[in-house]
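**Q** Following is a predicted model, sequence given first.
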Amino acid sequence: MQTGKIIKSNSGFYDVQTANQEIIRTRARGNFRQKKIKPIVGDWVEFENDYLLKIKPRKNEVVRPLIANVDQALVVITAVEPQFSTNLLDRFLVVLTAQKIKPLIYLSKIDLTPKQQQTQLIEQLKYYQSCGYQVFISNEVKQNPQSLIAALDNKETVLAGQTGAGKSTLLNHLIPNLNLETGSISTSLNRGKHTTRMVTLYSFHKGLIADTPGFSSLTLQNITRENLPQLFPDFVSLKDKCKYRSCVHLNEPDCAVKQAVDSGKIMNSRYLNYCQFQAEIAQERPVYLKTDKRSKKNNG
Ligand SMILES: Nc1nc2c(ncn2[C@@H]2O[C@H](COP(=O)(O)OP(=O)(O)OP(=O)(O)O)[C@@H](O)[C@H]2O)c(=O)[nH]1
Ligand SMILES: [Zn+2]
């Protein structure tokens, strides 16, 4: 019996990479199908004679892209083309953190912006660094990729970011012989094609990286009004100073988070995005409560 990790799945075949970097093509037996367990990329498995025997319990499972046991995600966000958006960035950070995936930030295309705007962007990203996120900037990584390499080593990382953000470009830069399609070819495909494209894990130093067809599911599903504040680390550090323990930092009096926004300690756009996400969750809510008895009780 051997063990390894599925790095690629294609028409019923699963390529498993073993500890000594061997790649073995395996198949699932009938009993897998009966149990309705479908092996996916990222799964740790046991196999024998090219047949999968067992899938080890998953640490986590992302649906879009379909991948298991992810340690972290490198969020690729653009300086321009399209214009940098704290809303999109905050949404990625929240959605990933909710799925127990550690987000790291990579700002691409900074070379395409004027000097003054570069300074502004770097200033904004310093705030994110102060919240505990690791931040990487494209022109610095091009000159010296060591710190990014160190952050990716020994981990299973997915690249997350909208189409055209620069995910494949970054991977090609990190893994010179990869030659992934970039730019016009992939952006000319329609979205449907993107989502069906296969997820593959590539070896990178002692870790694995997945280029993804784009993290398409960026809805705040499964995040509650009460849970959202925990997904903003800059709010978490202040919440004990709010008057009410259950403060969600919206309309409550003596809210330390709102005070910190007013004094400039919390970045204004972070709070605006937070309020927008709360409104979005509130809209989903009636549907959610009808089907979930437990949360009804908690709120009652
Ligand atoms: N100047 C500049 N161009 C970049 C940078 N990163 C990406 N690009 C360009 O942006 C375009 C899109 O990059 P891709 O790497 O294909 O983007 P992607 O995120 O992989 O897109 P999908 O595969 O559609 O999800 C390409 O034309 C790249 O050359 C950068 O840091 N600087
Ligand atoms: Zn508060």
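**A** Nice, I can see it. Numbers count the residues shown, from 1 in each chain. Ligands and ions are numbered 1, 2, ... in the order given.
**Q** near ligand 2 at all, stretch 237-247?
**A** Yes. Stretch 237-247 is in contact with ligand 2 by CB under 5 Å from the ion, via Cys242, Cys247. For every residue, glycine as well, the C-beta is placed using N, CA and C.
**Q** End to end on that stretch, go ahead and measure it.
**A** With CA to CA, to the nearest Å as the measure, stretch 237-247 spans 13 Å from end to end.
**Q** what do you get for stretch 69-82?
**A** Stretch 69-82: ends 30 Å apart by CA to CA.
**Q** Average pLDDT for that stretch, rounded please.
**A** For stretch 69-82, the mean pLDDT works out to 95.
**Q** How far does that stretch sit from its chain's centre?
**A** Centre-to-centre, stretch 69-82 and its host chain are 7 Å apart (CA atoms, centre = their mean, to the nearest Å).
**Q** for the stretch 101-250 of the chain, what spans make up the strands?
**A** For the stretch 101-250 of the chain, strands defined by DSSP state E, counting those that start in this stretch occupy the ranges 102-108, 135-137, 156-160, 200-204, 207-211.
**Q** any idea which of these is most buried?
**A** Counting by mean count of other CB atoms under 10 Å, strand 156-160 has the highest mean neighbour count of the strands of the stretch 101-250 of the chain, with a mean of 24.
**Q** Note down every partner strand of it and its orientation.
**A** Here strand 156-160 is paired, per DSSP bridges, with strand 72-78 (parallel), strand 207-211 (parallel).
**Q** and the strands of the stretch 101-250 of the chain as JSON lines, adding mean pLDDT and distance to Leu174?
**A** Listed next are these as JSON lines, based on pLDDT from 0 to 100; distance: least, CB to CB, whole Å:
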{"stretch": "strand 102-108", "mean pLDDT": "98", "distance to Leu174": "11"}
{"stretch": "strand 135-137", "mean pLDDT": "98", "distance to Leu174": "11"}
{"stretch": "strand 156-160", "mean pLDDT": "93", "distance to Leu174": "10"}
{"stretch": "strand 200-204", "mean pLDDT": "91", "distance to Leu174": "6"}
{"stretch": "strand 207-211", "mean pLDDT": "90", "distance to Leu174": "8"}
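**Q** any chance of those strands in a markdown table, with distance to Lys239 too?
**A** Shown next, in a markdown table, are these (distance: least, CB to CB, whole Å):
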| stretch | distance to Lys239 |
| --- | --- |
| strand 102-108 | 20 |
| strand 135-137 | 24 |
| strand 156-160 | 27 |
| strand 200-204 | 37 |
| strand 207-211 | 34 |
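**Q** Which one, of those strands, ends up nearest to ligand 2?
**A** Evaluated over the strands of the stretch 101-250 of the chain, closeness to ligand 2 peaks at strand 102-108, with 23.4 Å, by CB to the ion.
**Q** how many neighbours does the residue lying closest to Val261 once chain neighbours are set aside have?
**A** Excluding the flanking residues, the one nearest Val261 by CB to CB, 6 or more residues apart in numbering is Tyr271, at 4.5 Å. Residues lying near Tyr271 (other CB atoms under 10 Å) number 19.
**Q** for Tyr271, helix, strand, or coil?
**A** Each residue gets one of three states, and Tyr271 gets helix by DSSP: H, G, I helix; E, B strand; the rest coil.
**Q** Relative to Cys247, how far out is it?
**A** Tyr271 sits 14 Å away from Cys247, going by CB to CB, to the nearest Å.
**Q** Name all residues that sit in contact with those two at the same time.
**A** Val257 (CB atoms under 8 Å, 6 or more residues apart in numbering).
**Q** Tell me the span between the first and last residue of stretch 143-161.
**A** Taking CA to CA, stretch 143-161 runs 22 Å from one end to the other.
**Q** With stretch 44-55 instead?
**A** Using CA to CA, the end-to-end distance of stretch 44-55 comes to 6 Å.
**Q** For that stretch, buried residues please.
**A** Buried residues in stretch 44-55, counted by 16 or more other CB atoms under 10 Å: Trp44, Val45, Phe47, Leu52, Leu53, Ile55.
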